[in-house]
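Colleague: Model the structure of this input:
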Amino acid sequence: MPSTATKVDPKLANAWKNKAGRDLSEAELLAMPDSEYMNDKQLDFFRGQLETQKEDLLSNAGETTEHLREDTSIVPDPADRATIEEEHALELRTRDRERKLLKKISQALVRIDSGEYGFCDETGEPIGLGRLLARPTATLSLEAQQRRELKQKMFGD
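Modeller: Numbering: from 1, shown residues only. Coordinates of the predicted model:
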């Protein structure tokens, strides 16, 4: 028996071998050996995550359009009108952020197809499963992102 101390649950260590990538749990994904980084199953897992997120965002966009159409009635009270306009502005800002996220999701899907997904744009090093689980659209390793944020803080955009 190898003497390497691992925190991986032995039941999870090989579970990934018999499952499709999209069917893996996060724990099973994290239990995969480092030598399997960005194999077909991991790429399939992240493709599924990104596609689900994209579908959710597109569904939300349709709901916003309907919601804005419904609330176009004339409200005589200025306070009520201001409240409705503020709600619309907030909803539109949220949708704008989601629109930007949709673009990042599309770029991540292209990176999966090109074989660049999971590797830092700046250093070429693996981004890491933990970071990709938290932010599937990440293009920089944690260290590279921290350096970029520090530069932005020091020198502005």
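
Colleague: Which helix or which strand is home to the spatially closest residue to residue 117 that is not a sequence neighbour?
Modeller: Excluding its sequence neighbours, the residue lying closest to residue 117 (CB to CB, 6 or more residues apart in numbering) is residue 111, at 4.1 Å. Where C-beta positions appear, they are placed from N, C-alpha and C, glycine not excepted. Assessed by DSSP states H and E, residue 111 sits inside helix 78-114.

Colleague: Can you pull the poorly scored residue ranges out of the chain?
Modeller: The chain contains residues with pLDDT under 70 at 1-18, 20, 67-73, 157.

Colleague: For it, just list every one of the helices.
Modeller: Assigned by DSSP state H, the chain shows helices spanning 10-13, 26-31, 40-70, 78-114, 129-134, 142-155.

Colleague: Kindly reformat these as TSV and extend each row with distance to residue 19 and mean neighbour count.
Modeller: Listed next are the helices of the chain as TSV, based on distance: least, CB to CB, whole Å; neighbours: other CB atoms under 10 Å:
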stretch	distance to residue 19	mean neighbour count
helix 10-13	11	12
helix 26-31	7	17
helix 40-70	8	14
helix 78-114	18	13
helix 129-134	16	16
helix 142-155	28	12
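
Colleague: Tell me which of the ones you listed lies nearest to residue 122.
Modeller: Nearest of the helices of the chain to residue 122, taken as CB to CB: helix 142-155 at 4.3 Å.

Colleague: Work out the gap between that closest one and the centre of the chain.
Modeller: Relative to its chain's centre, helix 142-155 lies at 20 Å (CA atoms, centre = their mean, to the nearest Å).
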